[in-house]
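Participant: only the shape, not the letters, is given here:
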Ligand SMILES: Cc1cc2nc3c(=O)[nH]c(=O)nc-3n(C[C@H](O)[C@H](O)[C@H](O)COP(=O)(O)O)c2cc1C
């Protein structure tokens, strides 16, 4: 079951208006059939970033070793969520400092984040803040008077950096429902539970988060349609021929140009598939007896800022030694071929005009036989 985690950011332990509206949002999300959980940001002791720069150099944040620091606990909890609702009061026309304190520390902080193979090549987790990439969130901000509009936008650049899609925002001034003692003694003061419009807004945010799980604008589901449209229009060979990849020197080459000189057989793989790709290439090389050029196209999604192309190229060369390597740096092939992370495929181009793609499934070794049969014929 998908899970939506609500994160309350009030500094209050009791009678928080924003936390109340968060619970309303989560209730609405639960009605959509998702599991929900409410956490309080302030229950976690997150030490402030001291700017050491470890996280930008592929190293653990040293604060994670401090027994006082609880970022890892929060992070591990947030990783369970498929979507989030953040709720906060407005403090001084922005959010309370705990939010910024937390977001400053959203660099890689788990062992798996720092594991190159996993970190770089997992399509959903390819950038810092694995807990968030490819997920969706909504936010609810409560002010007494002015400032919710500023507060709503204050963390947007940070959320964008960690590739979290903010898909619904609700900001509201609730002066007559405000919980401050000075307001509550006024004759027009009302309990937050009666703030019907605010509850409607919170419900809408919760429902929207639940209904958009899996539709992050940073990691949309495979864009099959346009490719199918091209296929339906008989333009598949043309589309493959004009598909651009990068060679080891980062120069762009068109598949069609390569195939016009000699038949081409590409194994397509990402890092998770690479262990299978080497033997596959060797098998193809042997089988085809040098009648075609066998090469790897490595799919590489967005890289974190501290990983260079050179580093990736070095790593790929180590995994698939002895073969020509090409790179699809933006992972355009993943969605185009509807390839799952770690799923290899074979693309064979006998000429500019003739291309055939075989996706290989762990459970369906038969496809490989089919591919080999086609290749034996195609490259004679
Ligand atoms: C330090 C502090 C600063 C605040 N600054 C603002 C402000 O700039 N604008 C505003 O409308 N309300 C401001 N408020 C009021 C809170 O936003 C308001 O009481 C809110 O409902 C509190 O939400 P909570 O009960 O979830 O903590 C401030 C409150 C505090 C404690």
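Facilitator: Yes, it's here. Please read these numbers as outputs of a predicted model, since none were measured by experiment.

Participant: around the ligand, pick out the residues from the chain.
Facilitator: 10, 12, 16-19, 89-93, 142-147, 174, 178-180 (CB under 6 Å from any ligand atom). C-beta coordinates here come from the backbone N, C-alpha and C atoms, glycine included.

Participant: from the residues you listed, which land in strands?
Facilitator: In this view, the residues of the chain next to the ligand that belong to strands under DSSP state E are 89, 142-143.

Participant: ChimeraX command to pick out the buried ones of the residues of the chain next to the ligand?
Facilitator: Selection of buried members from those for ChimeraX, criterion 16 or more other CB atoms under 10 Å:
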select :10,16,17,18,19,89,90,91,142,143,144,147,174,178,179
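
Participant: what separates the closest residue to residue 273 other than its chain neighbours from the ligand, distance-wise?
Facilitator: Distances taken as CB to CB, 6 or more residues apart in numbering place residue 344 nearest to residue 273, at 4.3 Å, with adjacent residues excluded. According to CB to the nearest ligand atom, to the nearest Å, residue 344 and the ligand sit 50 Å apart.

Participant: so residue 344 makes contact with residue 276?
Facilitator: Yes: using CB atoms under 8 Å, residue 344 is in contact with residue 276, at 5.5 Å.

Participant: what touches both of those two?
Facilitator: Shared contacts of residue 344 and residue 276 (CB atoms under 8 Å, 6 or more residues apart in numbering): 269, 360.

Participant: okay but residue 375 is in contact with residue 292, surely?
Facilitator: Yes: using CB under 8 Å, residue 375 is in contact with residue 292, at 7.4 Å.

Participant: for these two, list the residues in contact with both.
Facilitator: 265, 348.

Participant: OK, contacts around the nearest residue to residue 143 once chain neighbours are set aside?
Facilitator: Sequence neighbours aside, residue 90 is the residue nearest to residue 143 in space, at 3.8 Å (criterion: CB to CB, 6+ apart). Residue 90 is in contact with 141-144, 147-148, 150-151, counting by CB under 8 Å, 6+ apart.

Participant: next, residue 90: phi, psi?
Facilitator: As for residue 90, its main-chain torsions (degrees, to the nearest 10) stand at phi -90, psi 130.

Participant: and the pLDDT at it?
Facilitator: For residue 90, the model assigns a pLDDT of 97.

Participant: distance of it from residue 141?
Facilitator: For residue 90, the distance to residue 141 equals 6 Å [CB to CB, to the nearest Å].

Participant: overlap in contacts of these two?
Facilitator: 148, 151.

Participant: before we move on, the earlier item: pick out whichever of residue 344 and residue 276 has more residues nearby.
Facilitator: residue 344 (24 against 16; other CB atoms under 10 Å).

Participant: got any ranges where the stretch 201-350 of the chain has weak pLDDT?
Facilitator: 218-237, 305 (pLDDT under 70).

Participant: okay, strands next: where are they in it?
Facilitator: 244-246, 252-254, 264-269, 293-299, 324-328, 345-349 (DSSP state E, counting those that start in this stretch).

Participant: okay, the residue of the stretch 101-250 of the chain found nearest the ligand and residue 377: tell me how far apart.
Facilitator: Relative to the ligand, the nearest point of the stretch 101-250 of the chain is residue 143 (3.2 Å; CB to the nearest ligand atom). Per CB to CB, residue 143 is found 70 Å from residue 377.

Participant: no further queries at this time; thank you.
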